[in-house]
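> The sequence and its predicted three-dimensional model are supplied below.
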Amino acid sequence: MTAKVVITGIGVATPNGLGVDDFWAATRIGKNAIGPVTRFDAAQYPSRLAGEIHSFTAEDHLPSRLIPQTDRMTRLALVAADCAFEDAGVKPGDIPEFDMGVVTASTSGGFEFGQNELKKLWSQGSQYVSAYQSFAWFYAVNSGQISIRNGMRGPSGVVVSDQAGGLDAIAQARRQIRKGSKLIFSGGFDASICPWGWVAQVAGGRMTTSDQPERAYLPFDADASGYVPGEGGALMILEDAEAARARGAANVYGEIAGYGATIDPKPGSGRESGLRRAIETALADAELAPGQIDVVFADAAGSPDLDRIEADALTAVFGPAGVPVTAPKTMTGRLYSGAAPVDVVSAVLAMREGLIPPTTNVTLAPEYDIDLVTGQARTASVRAALVIARGQGGFNSAVVVRAVD
Amino acid sequence: MGRRVVITGIGVLAPGGIGTKNFWSLLSEGRTATRGITFFDPSPFRSKVAAEADFDPELHGLTPQEIRRMDRAAQFGVVTAREALADSGLDLAGFDPHRTGVTIGSAVGATTGLDNEYRVVSNDGRLDLVDHTYAPSHLYNHFVPSSFAAEVAWATGAEGPATVVSTGCTSGIDSVGHAVELIREGTADIMITGATDAPISPITMACFDAIKATTPRNDDPEHASRPFDGTRNGFVLGEGSACFILEELESAKKRGARIYAEIAGYASRCNAFHMTGLRPDGREMAEAITVALAEARMNPESIDYINAHGSGTKQNDRHETAAFKLSLGDHAYRTPVSSIKSMVGHSLGAIGSIEIAASVLAMENNVVPPTANLHTPDPECDLDYVPLTARDHRTDAVLTVGSGFGGFQSAMVLARPERSMA
């Protein structure tokens, strides 16, 4: 039941890097990738900045038949899955097909694909809607397509819990390994930078209206004014630690050691946010005391009310400025279901190098009693990291990642 | 054996059967709720039939603000979650809210709400750069359907783990299976779980038209959903929701709860074959069934009734018939199999939970619901599909299955907790 579950392969695609090496080279030095929206003309909208992936050409990586049937987020996920397999040194045929599965998170599915088909439906007529619409936009598409491409027939799944979902997927993957699966892909990808997705996010009311890329997404800063959306995510291969050792896995990045999740009480109830409880549950699950956590990767919403709740929860658990806190997502914007898996990747790479990547652009406001790693990366021995992810609607998830000796 | 999980409350909202009692009347009388589409003008579509629910949200206690901000599917979910909670007699105030969780299945989320809002912000597709000034603030809740789980949590006071499970047409089984795992492992003591979908909208009809998945039997809508019948030619889209209260067996007993059934086994597999196609051998569904039975510590022979996926496509009906034979052997021929989709249509992610409700009610009543409209057997489907009329049948254990886009195949075994185990 309490088998150790470890990360043995990584595929990542973010606005500041494609692949583990590029991503980490950019993240460790605080390379910003937020800029004006280029995928459509955003001039008429109140928000005009995004974290876009500019250097990805799906046709370079995927068979041509997959292109017309996939949204951008699925193409990114399929390529990341290929990279993770390569990184893990496993070929899909190496493991019995019923012992491999895929558990991903999604937030908005293939929204750009859906936009194009909705346009055809209402401007041309129903007979113009693509035969692929029935699955290209729905939330299960990435798990389905990854399982097909790699012949994975084992327990699989899809969770949607706004931006907290990436951690919920990793926790579910860990459950499946503990129940006997040998290898599970987990993580999340989203890419809804299209007019229809943009308007839906504008409607949510929490996007910044700043036009200055380096003054736009500023969690825990006195000038915090909302978030910048981005696209991308990460997929990880999870395996049982003993099985990974037995096959001589080249990379054992870290252990998924603890997990906790809650949902906040109904707005206006006056009850405390469930974030503190989610963190405490994750620590207890990992059998670690707060003092044993070396860094926290914060959710870092970028809105003062939400930053306040997160800072208060961190102070309650760790004490005032009791642990280094960072939010490298200030470089990329918020990647929805992809955000937290990317932070898990950053956490294990931080362990490997002994370096906490910085929260860029932010000057910590004095009202937050946290030790935010701003400006430059900080050298530190990182043996255990806490990753926090929160979602609209009050979703709180926390994962503890621990170094493996 | 570790913690065992039981159902102690049920809420159902299905076409022709809003509320558990009405739902069971429909099924046990073998009536159908499929009809010509009334929600919008169906004339441009190849398939013009659906199983629509006559649902008045105000009548079910939703406030004007709840009605405005929630997609129809979210409204369904809140109504059935409340019904399930009331049915369970549970007072959540006596429990740690952080150990009460929510999982809600949905295949297509707020697709109806998105379709409606897209028409407005795009001015019926005229604008590529859709107009944000026409977007309502709740559009974000449609954009990310985890809002459904949040609404159910707020409506019930749950503050533990909450998520939407979205594995296409097996979502309604997988959501409940996920909830079972959370109680078994000790993360939660009580789960409010189930599924909801309200997909009857032009975009959904158009996308199923494009692959000819839905039936064109438009001149005979009441008899359009014909699983296992030789004349069937596609499924009938439906809508609805079912929710359940799950508790750990011992604590349910201790509080004197009415125990409907134990969720004894659950498993899910992928076919890794095709996003919409099925391999005819049914191997992955058979594997899910075998694993679910093993988890329940039950033999194939202990299954008294199979609640089939039975969507009414030729591909599906043959696929799952093969899966039942592969997993249950000769017992497949001796076991009544039926598809309630013949009566309530196929509500995508919701139907798995609605079928769990039907399975539990079959156990409650020792009556197997029929497969309506089954007049002309398909020679390739040679099991006992309980045609047309319900059957009195001692039902202590039920296997319910689902199959869906993305290749997901799921199986769940429901049984009486006092059964003997292998």
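The structure has been received and is ready for your questions. Numbers count the residues shown, from 1 in each chain, chains lettered A, B, ... in the order given.
> as a whole number, average confidence for the longest helix along chain B?
For chain B, the longest helix by residue count, based on DSSP state H, is helix B:72-88. Averaged across helix B:72-88, pLDDT comes to 98.
> C-alpha coordinates for it, PDB please?
C-alpha atoms of helix B:72-88 as PDB (Å, rounded to 0.1, in the frame of the first residue of the first chain):
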ATOM      1  CA  ARG B  72     -27.900  22.800 -17.000                       C
ATOM      2  CA  ALA B  73     -25.600  19.800 -16.200                       C
ATOM      3  CA  ALA B  74     -24.400  21.600 -13.000                       C
ATOM      4  CA  GLN B  75     -28.000  22.200 -12.000                       C
ATOM      5  CA  PHE B  76     -28.700  18.500 -12.500                       C
ATOM      6  CA  GLY B  77     -25.700  17.500 -10.400                       C
ATOM      7  CA  VAL B  78     -26.700  19.800  -7.500                       C
ATOM      8  CA  VAL B  79     -30.300  18.500  -7.500                       C
ATOM      9  CA  THR B  80     -29.300  14.800  -7.500                       C
ATOM     10  CA  ALA B  81     -26.600  15.400  -4.900                       C
ATOM     11  CA  ARG B  82     -29.100  17.100  -2.600                       C
ATOM     12  CA  GLU B  83     -31.600  14.200  -3.200                       C
ATOM     13  CA  ALA B  84     -29.000  11.600  -2.400                       C
ATOM     14  CA  LEU B  85     -27.900  13.400   0.800                       C
ATOM     15  CA  ALA B  86     -31.500  13.700   1.900                       C
ATOM     16  CA  ASP B  87     -32.100  10.100   1.100                       C
ATOM     17  CA  SER B  88     -29.100   9.000   3.100                       C
END
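> packing partners for the helix or strand just after that helix?
Note on helix B:72-88: by DSSP states H and E, the next helix or strand toward the C-terminus is strand B:100-105. For strand B:100-105, the helices and strands in contact under the criterion 3 or more C-beta pairs under 8 Å, 6 or more residues apart in numbering or on different chains; DSSP states H and E are helix B:147-156, strand B:162-165, helix B:171-184, strand B:190-197. (Glycine included, C-beta is placed from N, CA and C.)
> Can you list the strands that strand B:100-105 pairs with?
strand B:162-165 (parallel), strand B:190-197 (parallel) (DSSP bridges).
> Now that strand: buried residues?
By 16 or more other C-beta atoms under 10 Å in any protein chain shown, the buried positions in strand B:100-105 come out as B:100-105.
> Okay, helices next: where are they in chain B?
B:20-28, B:64-69, B:72-88, B:111-121, B:139-143, B:147-156, B:171-184, B:202-210, B:249-254, B:283-296, B:314-328, B:331-334, B:341-344, B:351-365.
> closest one to residue A:310 among the ones you listed?
Across those, residue A:310 has its closest neighbour in helix B:147-156 (18.2 Å, C-beta to C-beta).
> Return the alpha-carbon coordinates of the closest one using CSV.
Taking C-alpha atoms only, helix B:147-156 is exported to CSV below (Å, rounded to 0.1, in the frame of the first residue of the first chain):
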residue,chain,number,x,y,z
SER,B,147,-17.2,24.2,-11.4
PHE,B,148,-19.7,21.2,-11.2
ALA,B,149,-17.7,19.7,-8.4
ALA,B,150,-17.4,23.0,-6.6
GLU,B,151,-21.2,23.6,-6.9
VAL,B,152,-21.9,20.2,-5.4
ALA,B,153,-19.5,20.8,-2.6
TRP,B,154,-21.0,24.2,-1.8
ALA,B,155,-24.5,22.7,-1.9
THR,B,156,-23.7,20.0,0.5
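> Which residues does that helix contact?
If you take C-beta atoms under 8 Å, 6 or more residues apart in numbering or on different chains as the criterion, helix B:147-156 is touched by A:160-161, A:263, A:265-266, A:392-395, B:66, B:70-71, B:73-74, B:77-78, B:81-82, B:85, B:92, B:100, B:102-104, B:106, B:109-110, B:140-141, B:158-159, B:162-164, B:192, B:196, B:243.
> now do stretch B:114-130
So stretch B:114-130 is in contact with A:40-41, A:44, A:114-115, A:118-124, A:195-196, A:199, B:131-132, B:134-136, B:139, B:142-143, B:201-204, going by C-beta under 8 Å, 6+ apart.
> Got the domain ranges for chain B?
Structural domains annotated on chain B: B:5-254, B:263-415, as defined by automatic domain parsing.
> okay, the nearest residue to residue B:367 once chain neighbours are set aside: pLDDT?
Excluding its sequence neighbours, the residue lying closest to residue B:367 (C-beta to C-beta, 6 or more residues apart in numbering or on different chains) is residue B:390, at 5.3 Å. For residue B:390, the pLDDT comes out at 98.
> I figured residue B:390 hits residue B:26, correct?
No: Residue B:390 is not in contact with residue B:26 according to C-beta atoms under 8 Å; the separation is 10.7 Å.
> Now tabulate the domains of chain B in TSV and tack on distance to residue A:89.
As requested, these are exported to TSV (distance: least, C-beta to C-beta, whole Å):
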stretch	distance to residue A:89
domain B:5-254	29
domain B:263-415	21
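> which parts of the stretch 1-150 of chain B sit against chain A?
B:44-45, B:97-98, B:102, B:107-109, B:114-115, B:118-119, B:121-122, B:124-126, B:128-132, B:135-147, B:149-150 (C-beta under 8 Å from any C-beta of the partner chain).
> mind running it again at 7 Å?
Residues of the stretch 1-150 of chain B lying close to chain A (C-beta under 7 Å from any C-beta of the partner chain) are B:44-45, B:98, B:107-109, B:115, B:118-119, B:121-122, B:124-126, B:128-130, B:132, B:135-137, B:139-140, B:143-147, B:149-150.
> can you list the helices and strands packed on strand B:100-105 in JSON lines and add distance to residue B:289?
Formatted as JSON lines, those follow (distance: least, C-beta to C-beta, whole Å):
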{"stretch": "helix B:147-156", "distance to residue B:289": "28"}
{"stretch": "strand B:162-165", "distance to residue B:289": "20"}
{"stretch": "helix B:171-184", "distance to residue B:289": "12"}
{"stretch": "strand B:190-197", "distance to residue B:289": "20"}
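> Kindly reformat the ones you listed as JSON lines containing mean neighbour count and mean pLDDT.
Below are these laid out as JSON lines (neighbours: other C-beta atoms under 10 Å in any protein chain shown; pLDDT from 0 to 100):
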{"stretch": "helix B:147-156", "mean neighbour count": "28", "mean pLDDT": "98"}
{"stretch": "strand B:162-165", "mean neighbour count": "34", "mean pLDDT": "98"}
{"stretch": "helix B:171-184", "mean neighbour count": "29", "mean pLDDT": "98"}
{"stretch": "strand B:190-197", "mean neighbour count": "35", "mean pLDDT": "98"}
